[in-house]
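Asker: with the sequence up front, the predicted model follows.
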Amino acid sequence: MKLLTLTTHLILLVFLLIGACSSSQSDAIYSTADSTSAAQKVLIVYLSRTNNTKAIAELIHKQVGGTMVALELEKPYPENYQATVQQVAKENETGYLPPLKTKIDNIQQYDLVFVGFPTWGMQLPPPMKSFLHQYARNGGPLNGKTVIPFNTNGGYGIGSTFQTVKELCPASNVLEGFTMRGGSERDGQLLVIQAEKATEAETAVKSWLKKLKVL
């Protein structure tokens with residue numbers, strides 16, 4: 001009887017040790033993910049005409065910090081909406097890449113690179129194509145880096161934008177993107193991600209970042 005009791009106690013002790021080890025391993029994995037994210041250097045590059053994409057960039061920056069850079073062209077697009085639409089359509093048709101005024105020194109120092117843009121004509125805007133061609137193609141400094149796209153759109157979705165980011169970053173680790181309805185300049189709706197909409201956006205951005213294990 002004593003032998004049976006001793007055996008039962010030993011079995012119970014083994015189960016308790018296994019449980020304790022499992023709990024410690026889970027905590028270790030969680031701590032490692034957090035410390036890795038905190039140690040990574042973050043760059044947030046964005047293109048914004050109506051400031052909606054800028055609003056999302058600022059929400060990301062609020063959560064993960066890092067350096068924010070707005071893309072600017074050597075020759076800005078016209079103020080007139082229709083003139084800009086026609087110019088962008090021609091650039092997309094011909095494959096023209098507008099030269100960037102924005103230069104980013106030492107971009108290779110960053111581990112996580114967020115790239116933000118609106119949807120223009122259901123495509124990636126030409127200035128963001130210029131940026132990715134310059135920094136991610138042909139052995140560029142974004143090779144081997146983690147690239148995370150985010151988008152605002154006028155109600156018709158991301159179009160081919162996220163797919164084009166993947167194609168232009170063939171040697172980068174491109175993570176799942178974030179998208180949200182922004183304004184519609186065509187309809188006179190400019191900055192809409194503010195007040196209650198900004199609160200909604202912040203909740204969605206935090207959820208997305210946690211899903212990516214960036215937070």
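Answerer: Yep, that arrived. What you see is a predicted model, and the numbers here were worked out from it, not measured in a lab.
Asker: what number of residues lie near the closest residue to Ala198 other than its chain neighbours?
Answerer: Of all residues not flanking Ala198 in the chain, Ala55 sits nearest, at 6.5 Å (CB to CB, 6 or more residues apart in numbering). (Each C-beta comes from the backbone N, C-alpha and C, glycine too.) Neighbour count of Ala55, defined by other CB atoms under 10 Å: 24.
Asker: could you pull out the strands for this structure?
Answerer: Using DSSP state E, the strands of the chain run over residues 42-46, 67-70, 112-118, 146-153, 173-174, 178-181.
Asker: which one of those strands is the most hemmed in?
Answerer: Counting by mean count of other CB atoms under 10 Å, strand 112-118 has the highest mean neighbour count of the strands of the chain, with a mean of 25.
Asker: tell me which residues are up against that one.
Answerer: Strand 112-118 is contacted from outside by 40-50, 52-54, 56-57, 60, 64, 66, 107, 124-125, 128, 131-132, 142, 145-154, 161, 165, 182, 214, using CB atoms under 8 Å, 6 or more residues apart in numbering.
Asker: buried sites along stretch 198-209?
Answerer: Ala198, Ala201, Glu202, Val205, Trp208, Leu209 (16 or more other CB atoms under 10 Å).
Asker: which regions of this structure lie under the pLDDT threshold?
Answerer: Counting by pLDDT under 70, the chain contains low-confidence ranges at 1-38.
Asker: mind running it again at 90?
Answerer: Across the chain, the stretches falling below the confidence threshold (pLDDT under 90) are 1-40, 105, 137-139, 183-184, 186-190.
Asker: could you measure Asn92 against Gln123, distance?
Answerer: 6 Å (CB to CB, to the nearest Å).
Asker: quick one, helices of the protein?
Answerer: 2-39, 52-64, 81-94, 126-135, 161-168, 196-211 (DSSP state H).
Asker: tell me the centre residue of this protein?
Answerer: Central residue of the chain (CA atoms, centre = their mean): Ile148, 3.2 Å from the mean position.
Asker: so what's that one up against?
Answerer: So Ile148 contacts Leu112, Val113, Phe114, Val115, Val174, Leu175, Gly177, Leu212, Val214 (CB under 8 Å, 6+ apart).
Asker: if you set the cut-off to 7 Å instead, what comes out?
Answerer: Ile148 sits next to Leu112, Phe114, Leu175, Gly177, Leu212 when contact means CB atoms under 7 Å, 6 or more residues apart in numbering.
Asker: appreciated, that's everything.
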